[in-house]
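Peer 1: I'll drop the sequence and a predicted model, then ask my questions.
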Amino acid sequence: MLARCLPALVLAALVLAVWEVSCAALALSPLILPPPSGVATALFVNRSEIARHAVATLMVAGLGFSLSIGFAWVTSVALYFAPLARRALMPLFVVSQTVPLVALAPLMILWFGFGLLPKVLLVILVTFFPILLSLLSGYRQTPPAFVDLLVSMGASRWTVFWRACLPAARAACLAGLRISATYAFVATIFAEYAGARRGLGIYILMAKNNFRADLVLAAVALSALLTLALLGLIHLVDRASQRGPQERRDA
Amino acid sequence: MLARCLPALVLAALVLAVWEVSCAALALSPLILPPPSGVATALFVNRSEIARHAVATLMVAGLGFSLSIGFAWVTSVALYFAPLARRALMPLFVVSQTVPLVALAPLMILWFGFGLLPKVLLVILVTFFPILLSLLSGYRQTPPAFVDLLVSMGASRWTVFWRACLPAARAACLAGLRISATYAFVATIFAEYAGARRGLGIYILMAKNNFRADLVLAAVALSALLTLALLGLIHLVDRASQRGPQERRDA
Amino acid sequence: QTAALREVTMALDWTLNTNHIGLVVAKEKGFYADAGLAVDLLPYSDTSSTALLAAGIADFAYLTSLGFMGAKAGGADIVALWATMQHETGRLVYNSDNTAITRPADLTGKTYAGFGSNWEAALIGTMIENDGGDATYDTVTLGTGAYEALAAGAVDFTLEVATWEGVNGTLLGRKQSSFAYSDYGIPDQQNGYIGARSETLAQAPDLVAAFMQATQAGYVWAADHPKEAARLLIATGDFPNPALVEGSLDMIAAGGYLRDGDTAVGSIDPERFEKMATFLFDTNVLTGAGGVPLEWPGTVSDWYDQSWMGQ
Amino acid sequence: MLELRGLTITTPARAIVRDLTLTLRADEVTALIGPSGCGKTSVLKWLSGILAPPLQATGTLFLDAAPITCPHPVLAYQPQQDALFPWLTIAQNAALGLEIAGLSRSAARARVAPLFGVFGLAGCEDHYPAQLSGGMRQRAAFLRTIVQDSQFVLLDEPFSALDAVTRLHMQAWLLARLAERPRGLLMVTHDLFEATGLADRILVMSASGAILRDIPVPIPPKHRSQAALATLRDTLKTLLTKDPFP
Amino acid sequence: MLELRGLTITTPARAIVRDLTLTLRADEVTALIGPSGCGKTSVLKWLSGILAPPLQATGTLFLDAAPITCPHPVLAYQPQQDALFPWLTIAQNAALGLEIAGLSRSAARARVAPLFGVFGLAGCEDHYPAQLSGGMRQRAAFLRTIVQDSQFVLLDEPFSALDAVTRLHMQAWLLARLAERPRGLLMVTHDLFEATGLADRILVMSASGAILRDIPVPIPPKHRSQAALATLRDTLKTLLTKDPFP
Ligand SMILES: Nc1ncnc2c1ncn2[C@@H]1O[C@H](COP(=O)(O)OP(=O)(O)OP(=O)(O)O)[C@@H](O)[C@H]1O
Ligand SMILES: Nc1ncnc2c1ncn2[C@@H]1O[C@H](COP(=O)(O)OP(=O)(O)OP(=O)(O)O)[C@@H](O)[C@H]1O
Ligand SMILES: Cc1ncc(C[n+]2csc(CCO)c2C)c(N)n1
Ligand SMILES: [Mg+2]
Ligand SMILES: [Mg+2]
């Protein structure tokens, strides 16, 4: 485990070292590029303030991501059973992914106010589609033999779905979750940027307008950490939900 | 073809109709939510102005996306041949995807000026990883029998890569391109938002600051169209680069 | 205070700064609470305060002069209740070591770091032309990044608020020079409006009066006690440089920005208001839906309403 | 007795099977043999009620002269490969058919439990399919099919994924199971020698989807030495290879 | 004459093949038969120079008493399945080995062109593999192997994916090709009857990865009727099934 991570850790340390040294060597203004040590100090000194904002972000991201998973699942089931709806809705979902959020976010704030709603909606808008897509492709990857077997036993469409398609989509679904999780916090911060009372997005905006690049980077680092933690959580869910010794489909 | 798109078109028309009617019925201020007809009018009236900005966006997105494809390809080859580098670099690439761009973009403008460089870098940052990931997974999916065959014929590692891994990764690569293409324009607009002379991002910012939601949505619609056009282009490339009658791997 | 306080939201035009001092004072010193109000100062965000006000997200908003005029012309049903700064605080700023700039006419062909509104082009263009130059220059829209870009020499000039970025530049030892708008044909104007929706004013005049009177009390107190006000503001916000807040409030007090002669703090001068509006219509800055320049409405006296002061 | 009359299966492009008629006895092993793509799997799928679009079929199935619709509990289908669900244990896999038929989880489990010994799977109840060898997986699949206790069993190339040795073992084992409890078995196979070794009757299908020959194998299983089957095999081989090069 | 001495193949967990020694004659068909997982494919892979980690091997290969290293042009390997590249036409697939060996595209193409007739592939030069039937694909794969003109050919279950009829056709066809131009063939198969029908010698591997038996088949191919092979087959069957249930 450690040995597997070692090259990445060494490289990361190297990058940080080069950054630190070049900040000192080039005498870069901390307004423009603070050294990593400066960022770490800033993170430590302002930890309680940053934590307060991070909690707000965590709540929105958590709520949005959970709802997104729920909706994606419900939608995927509905679309699985209604091919017409699938053909009608999927192109619209694709189009929804091509909308530049940077333009939409302020409008969403205007439409839905400063509360949770627009932020949660934005997180859903960003994270819903990858999960939905991977669930549907997971269902489609169900080995036909499994479906055939169940039908020949007299199973209903719903039983087939529940007993074959859903478990078969587990791996694909987790892959989709991983993609979406990468964007959950980024999307939340983004939404906060357009309007919020609290949150890392607001904190970053404030830090930026106060010319505190060190605090900006501290918040950036924290949000990256949060994302990595979410990815780690998904990894644990993966492990825990795994049935049998590596159900590999490429075996 | 038409029949396949029909449900989506009908639904889209329905959505637009409901939007139009409810704007009129609720007497919504066009400052907050202009009706689709208003957006269309705005797009038409300001077409030359919008086109000028769209061209700038198109250039940046085109350059960034092309460079991204190039870099992703070169990197994928390098990482394919250097497993140590792969293990060192991939986690860093993952981390790079968890950084909230909204915070990074203004800093990048500070670091690199407001020429092409920071925007192209941002587009690369956003689009590079999905392509790289899908290329690497494509290489990995090369049927081992193909590799074995070539090696037994006395082929070098490079020949094996060139003759088996690269063609085998075609489908996966296109899937990655599709994902990245979805983000290419969005990322460009985003980068422009943080600082630029021209571009749809600037146009949206100005429209927003001048309280012209209709122009904001017109630019949003245009950028969605550009993304769809890029996806269409990739579809054509897919068709053109397909060898043989549907090389299905699940046959 | 046992009675439940009435919740009121207030949107800001920029990150919290000394322009907002009266709001912070009224909040911290309990003027709002005494008026039965719990005021929530919304953090500055990517959505303009004018839009937040017009959309009904915020009950009140601090508005840049041009933000207000632009939205009003665009058909937003909002009204100005107050003008914070009795004189123009904005100015055009450039680096002193940029010897190519000595007067606005020299700005031809230079690079401007902008904020993305129509008004800037009209302002700068008029200044250059009135100085005998050609109003062609390069605009880079940078928003809040403009000031660092100028300090780094990446752009040639931008607009700043003298009592904020100006003080900051001095404190940081930046050698910067500026042109005053009014020296080059731009009518002098008041700045920093506080606005509400006409609907709010019509339906809840009491609320508007209570809020505005407490706000006025806050600004009056700040004008009288700049040092204490600075301390209050520093305590509420994240200010990396407390000296900036102190220096800024000193400048505001000394410059008579809040209190102009014996007019009441916050009063709107109809004459200057109309002059500015006329200028904006004449320079085609104000456009309606579809981008067509607007017709002069005859009068703009209904764009502001200070009846709350009389109550 | 199961009687299939006038089965026609078509793709949008062509008819695969045309007016096929066949009869299955309740205690007889019937092997179905024929060139690839002639429609063997399609016939089994139709009998199991799982023929899916774009394939279309007409035909009638009679159980002891009474028409029935598929899927029907009298018929159990076992797909090509073992089709064990990788996320279920062997016991859960084996109980699947009973649960689908409406038994509670515990009742199904109780019905399956005593059979693991005979199927050579004792101790593997809580293993996952990936932990078993090919032969054990195949026996688990048989267990799942057999425990449904249908009179007729449809097998699609049950041993094709097994190696020569395991295949021989499994064939002998299947004969033993059938000796204990006779059933009507319809088995698709590509292995001439498997067909001759197991079946009481061999149906040869032509590439055009008709039954070309119905060959009885009158030798009882235990007497089927290589020598005893030699003539039958030569006949089959000639029959199958007389068509031109495919 | 190819001589393999002291081949040991190990996984990190265990030795699969232990000190295996075998000799291949340049004009003889050798069948390698044995239970699944005994290491047949691994031996072929080692001979082809494509044994990959985590498998490790030691051993020496002698060509006419001179030690050689693998991969070596004297040996051509044909993987299980056909392994035709789906993105290349049949002609391009067939020319692959020659191009890898250094011939120009046109020279390789010219060498391959005259052979399509004999391989029953005339007119299919510009088709893609997906457009061919299983038998044709298998012949295309043979064409690719044969055109390299190696004295020894290693085949891993060449016909296992084919149906009974096509398999019989292909076996006859392969014998015809060998009659034209004798080669040393080492063929892994799971099909007892294929082994007895084609091979001049049958090597039986045990589950522990050793050569258990080396059985010559002294009957010339054209005289191998079912009856003539019956005894040999019974011997093999007994030999293979005498181990306990796997
Ligand atoms: N979904 C489908 N769409 C169109 N044609 C199909 C479909 N499924 C099967 N076919 C065609 O139906 C024919 C019969 O297929 P089937 O699987 O029943 O053959 P089979 O005899 O079982 O072959 P094999 O021995 O290869 O298993 C084939 O020619 C096949 O191409
Ligand atoms: N990459 C690997 N890692 C670990 N063990 C392996 C690996 N590849 C093969 N083995 C093991 O080596 C043994 C021999 O494998 P091999 O494929 O040579 O057998 P085989 O005789 O060809 O079997 P089959 O008849 O199923 O094709 C098997 O037990 C297998 O589990
Ligand atoms: C504190 C403060 N600083 C800068 C701006 C940005 N800004 C927007 S419009 C304009 C021109 C003023 O004449 C300026 C400088 C602001 N709103 N508040
Ligand atoms: Mg079949
Ligand atoms: Mg093998």
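Peer 2: It's in. Ligands and ions are numbered 1, 2, ... in the order given.
Peer 1: just for the stretch 151-251 of chain A, where's the confidence low?
Peer 2: Counting by pLDDT under 70, the stretch 151-251 of chain A shows low-confidence ranges at A:244-251.
Peer 1: Excluding chain neighbours, what is closest to residue 181?
Peer 2: Just going to use chain A. Excluding the flanking residues, the one nearest A:Ala181 by Cβ to Cβ, 6 or more residues apart in numbering or on different chains is A:Leu230, at 4.6 Å. For every residue, glycine as well, the C-beta is placed using N, CA and C.
Peer 1: that's the other chain; I wanted chain C
Peer 2: C:Glu88 (5.8 Å).
Peer 1: The one you found sits in which helix or strand?
Peer 2: Assigned by DSSP states H and E, C:Glu88 belongs to no helix or strand.
Peer 1: Return the list of helices and strands in contact with the helix or strand containing the residue nearest to A:Ala181.
Peer 2: Using DSSP H and E, the element containing A:Leu230 is helix A:213-241. On a contact count with 3 or more Cβ pairs under 8 Å, 6 or more residues apart in numbering or on different chains; DSSP states H and E, helix A:213-241 meets helix A:36-45, helix A:47-81, helix A:170-194, helix A:200-209, helix B:83-97, helix B:101-112.
Peer 1: Figure out which of those helices is closest to E:Arg5.
Peer 2: helix B:83-97 (33.3 Å; Cβ to Cβ).
Peer 1: Is there any residue in that closest one that contacts chain A?
Peer 2: Yes: residues of helix B:83-97 are located near chain A by Cβ under 8 Å from any Cβ of the partner chain, namely B:Leu84, B:Ala85, B:Arg87, B:Ala88, B:Leu89, B:Met90, B:Pro91, B:Leu92, B:Val94, B:Val95, B:Gln97.
Peer 1: Likewise for stretch D:175-190?
Peer 2: No: judged by Cβ under 8 Å from any Cβ, stretch D:175-190 makes no contact with chain A; its nearest approach is 13.2 Å.
Peer 1: Which residues in that stretch does the neighbour count mark as buried?
Peer 2: Under the neighbour-count criterion of 16 or more other Cβ atoms under 10 Å in any protein chain shown, stretch D:175-190 has D:Arg177, D:Leu178, D:Arg183, D:Gly184, D:Leu185, D:Leu186, D:Met187, D:Val188, D:Thr189, D:His190 buried.
Peer 1: how about those in CSV, adding pLDDT?
Peer 2: Shown next, in CSV, are these (pLDDT from 0 to 100):
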residue, pLDDT
D:Arg177, 85
D:Leu178, 88
D:Arg183, 92
D:Gly184, 93
D:Leu185, 93
D:Leu186, 95
D:Met187, 93
D:Val188, 92
D:Thr189, 88
D:His190, 81
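Peer 1: Can you verify C:Tyr193 is assigned to a strand?
Peer 2: Yes: C:Tyr193: assigned to a strand according to DSSP: H, G, I helix; E, B strand; the rest coil.
Peer 1: List the contacts of it.
Peer 2: C:Tyr193 is in contact with C:Tyr62, C:Leu63, C:Thr64, C:Ser65, C:Phe68, C:Ala80, C:Leu81, C:Trp82, C:Ala83, C:Thr84, C:Ile268, C:Tyr304, counting by Cβ atoms under 8 Å, 6 or more residues apart in numbering or on different chains.
Peer 1: Quick check on the last one: phi, psi?
Peer 2: Its backbone dihedrals place C:Tyr304 at phi -130, psi 160, with angles given as degrees, to the nearest 10.
Peer 1: Enumerate every residue touching it.
Peer 2: C:Tyr304 is in contact with C:Val79, C:Ala80, C:Leu81, C:Tyr193, C:Ile268, C:Pro270, C:Phe273, counting by Cβ under 8 Å, 6+ apart.
Peer 1: repeat that for 6 Å
Peer 2: C:Tyr304 makes contact with C:Ala80, C:Ile268, according to Cβ atoms under 6 Å, 6 or more residues apart in numbering or on different chains.
Peer 1: In terms of distance to A:Asp148, which of the buried residues of stretch D:175-190 ranks first?
Peer 2: Closest to A:Asp148, out of all of the buried residues of stretch D:175-190 and judged by Cβ to Cβ, is D:Val188, at 13.9 Å.
Peer 1: In the stretch 101-250 of chain A, what residue lies closest to ligand 1?
Peer 2: A:Pro144 (9.8 Å; Cβ to the nearest ligand atom).
Peer 1: number of nearby residues for residue 50?
Peer 2: Since you didn't name a chain, this refers to chain A. 20 (other Cβ atoms under 10 Å in any protein chain shown).
Peer 1: Correction: the question concerned chain D.
Peer 2: So D:Ile50, with other Cβ under 10 Å, has 21 neighbours.
Peer 1: Repeat that for the one 10 residues further on.
Peer 2: By the measure other Cβ under 10 Å, the count of residues near D:Thr60 is 12.
Peer 1: Format the helices and strands packed on helix A:213-241 as TSV; extra columns: distance to D:Gly117.
Peer 2: Formatted as TSV, these follow (distance: least, Cβ to Cβ, whole Å):
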stretch	distance to D:Gly117
helix A:36-45	64
helix A:47-81	40
helix A:170-194	32
helix A:200-209	62
helix B:83-97	48
helix B:101-112	63
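Peer 1: Which one of the ones you listed lies nearest to D:Ala141?
Peer 2: helix A:170-194 (21.8 Å).
Peer 1: so how far is the closest one from its chain's centroid?
Peer 2: Helix A:170-194 has its C-alpha centroid displaced from the chain centroid by 2 Å (Cα atoms, centre = their mean, to the nearest Å).
Peer 1: Equivalent analysis for stretch A:155-166, please.
Peer 2: Chain-centre distance of stretch A:155-166: 29 Å, with Cα atoms, centre = their mean.
Peer 1: May I see the buried residues of it?
Peer 2: Under the neighbour-count criterion of 16+ other Cβ under 10 Å, stretch A:155-166 has A:Ala155, A:Val160, A:Phe161, A:Arg163, A:Ala164, A:Cys165, A:Leu166 buried.
Peer 1: C:Val167 reaches C:Leu249, doesn't it?
Peer 2: No: C:Val167 lies out of contact with C:Leu249 (Cβ atoms under 6 Å); the separation is 9.3 Å.
Peer 1: that older thread, narrow the contacts of C:Tyr193 to those in strands?
Peer 2: Those of the contacts of C:Tyr193 mapping onto strands are C:Tyr62, C:Leu63, C:Ala80, C:Leu81, C:Trp82, C:Ala83, C:Thr84, per DSSP state E.
Peer 1: and A:Pro130, what is it in contact with?
Peer 2: So A:Pro130 contacts A:Gly176, A:Ile179, A:Ser180 (Cβ under 6 Å, 6+ apart).
Peer 1: 8 Å instead, please
Peer 2: Contacts of A:Pro130 (Cβ under 8 Å, 6+ apart): A:Gly176, A:Ile179, A:Ser180, A:Tyr183.
Peer 1: I'd like the residues you listed laid out as JSON lines, including neighbour count.
Peer 2: Listed next are these as JSON lines, based on neighbours: other Cβ atoms under 10 Å in any protein chain shown:
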{"residue": "A:Gly176", "neighbour count": "25"}
{"residue": "A:Ile179", "neighbour count": "18"}
{"residue": "A:Ser180", "neighbour count": "27"}
{"residue": "A:Tyr183", "neighbour count": "20"}
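Peer 1: now, which of the residues you listed sits nearest C:Thr141?
Peer 2: A:Tyr183 (26.2 Å).
Peer 1: helices and strands of chain D: which one has the lowest mean pLDDT?
Peer 2: Using mean pLDDT, DSSP states H and E, helix D:226-241 stands out as the lowest-scoring helix or strand of chain D, at a mean of 80.
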